[in-house]
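Peer 1: give me a 3D structure for the following:
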Amino acid sequence: MKKILFVINTMGMGGGERGILELFDQIDLEKYEVSLFVLTGQGELIGQIPDKVHLLNRIYFPISVLDHPGKLRLIKTVMRSMFIRGTICKRMGYIIRNLREMVQNGDIQKNKIFWKVLSDGAQRLDQEYDLAVAYLEGGSAYYVASYVKAKRKAAFIHINYELAGYNRGLDEECYVKFDRIFTVSESVKESFLRVYPECSKQTSVFYNLINREKIIRRSVEEGGFSDEYDGFRILTVGRLVVQKALPVAIDAMRILKTSGRSFRWYVLGEGEIRKKLQEQIQALGLGEDFILLGTVENPYPYYAQCDLYVHTTYYEGKSIAIEEAQILGCAMLVTEHSGVWEQIEDGVDGKICALSPQEIAENILEMVQDRQKLNAYRQAAAQRKQMDNQREVNKLLELLK
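Peer 2: Next up is the predicted model:
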């Protein structure tokens, strides 16, 4: 039986984590021996992995990496990694060099530096695998490239590589060690190959796996909005991080509130800037208008019950949240970014606008006033053709031949 190892950074409530769960569902676990190693040893979705997927972590904490207790646990894991195998001494030059470069660029992302520390200090796996897969950028890619024994290695890229702040120095050129690199969209592929042009022959697109039937089935389960609000509901799904441009959405809500119409904007997700967002919400007097719901195990009833799905972001690879919203027939407004043109046909199954409070608010008001057009967006989104999951999975399994 062929042995496949998947390595991922966390198993929290993120698109990548939901993607790997769907991949497990698509692989014949009777035919392949599949194992999973979670670099941080943390994340609440771990209970959803199939019974036949072997979790290799000796110690695991089934808690979020985004809330306060989860952050404390993650800090302890990073600190522990620093002192295993003399990691902090070996990596001091790397840390200083990359931190200095981030300061010069005005974009300090400490988490990207510590992925290398976590990788160096992580549990080692003795077994050799037929295929080892790094399912996310950063830590999992570093770990598979340097510390996993496998006949073949593959890596997934889910984000716009350049805009997310990665570079060859941060990676220590780990991607040249992979036999195949899968990107989630053509725009992500182009971004990655601008940094690693010599990897063009082994780089191809692997589209997100989406289980249409499961999403529709779960959308009618118990859950969704629990308040008694009967006005126009706007929904956004995403982590509370800088990338998702939620301060811009909050400013757009402030404009909507002055329009004389009734709106309420909900966000499903958790993350490091929650406190900052909550302060902005309160300062603008939007405590009852812009609601941070946190994370939920089943987000699909919210999609089904909202009047409009709005996706704000500075950059994106290919958003799973947008694809889920389309399956559930959501009318949607998405701010312009490099990957959006592969997901939305502007004016047909949704609207694309500039990332500014005024543009977002004006487009929402325009969509609300033309209910016929809003319904046309819903119908077109629901009818949008989804990718063939098995065809995508075969791209990965072909590496075992």
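
Peer 1: list phi and psi for residue 6.
Peer 2: The phi and psi values for residue 6, taken as degrees, to the nearest 10, are phi -110, psi 130.

Peer 1: and for residue 35?
Peer 2: phi -120, psi 160.

Peer 1: wouldn't it be in contact with residue 57 here?
Peer 2: No. Counting by C-beta atoms under 8 Å, residue 35 does not reach residue 57; the two are 10.4 Å apart. Yep, even glycine has a C-beta here, placed from its N, CA and C like the rest.

Peer 1: how close does residue 121 sit to residue 115?
Peer 2: 11 Å (C-beta to C-beta, to the nearest Å).

Peer 1: between those two, which one's more packed in?
Peer 2: When residue 121 and residue 115 are compared for neighbours, residue 115 comes out ahead with 25 against 22, by other C-beta atoms under 10 Å.

Peer 1: quick one: neighbours of residue 391, just the number.
Peer 2: Neighbour tally, residue 391, other C-beta under 10 Å: 9.

Peer 1: distance check, the closest residue to residue 315 other than its chain neighbours against residue 188.
Peer 2: Spatially, and ignoring its direct neighbours in sequence, residue 315 is nearest to residue 163 (3.9 Å; C-beta to C-beta, 6 or more residues apart in numbering). According to C-beta to C-beta, residue 163 stands 10 Å off from residue 188.

Peer 1: and what of residue 48?
Peer 2: Going from residue 48 to residue 188 by C-beta to C-beta gives 26 Å.

Peer 1: how close does the nearest residue to residue 116 once chain neighbours are set aside sit to residue 150?
Peer 2: In space, and not counting its chain neighbours, residue 116 is closest to residue 142: 5.7 Å by C-beta to C-beta, 6+ apart. Distance of residue 142 to residue 150, computed by C-beta to C-beta: 15 Å.

Peer 1: one more: residue 323?
Peer 2: 30 Å.

Peer 1: quick one, which of residue 163 and residue 188 is more surrounded?
Peer 2: Neighbours were counted for residue 163 and for residue 188 using other C-beta under 10 Å; residue 188 has more, 27 against 15.

Peer 1: pretty sure the more buried one is touching residue 157, no?
Peer 2: Yes. The pair residue 188 / residue 157 is scored as a contact, 5.7 Å apart, by C-beta under 8 Å.

Peer 1: which parts of stretch 319-335 are buried?
Peer 2: Using 16 or more other C-beta atoms under 10 Å as the test for burial, stretch 319-335 gives 319-335.

Peer 1: over to stretch 187-195?
Peer 2: Judged by neighbour count (16+ other C-beta under 10 Å), stretch 187-195 contains these buried residues: 187, 188, 189, 191, 192, 193.

Peer 1: ok, so of the residues you listed, who is nearest residue 232?
Peer 2: Taking C-beta to C-beta as the measure, residue 232 lies nearest residue 187 of the buried residues of stretch 187-195, at 31.7 Å.

Peer 1: hmm, residue 161 and the closest one touching each other?
Peer 2: No. The criterion here is C-beta under 8 Å, and residue 187 misses it with residue 161 at 10.3 Å.
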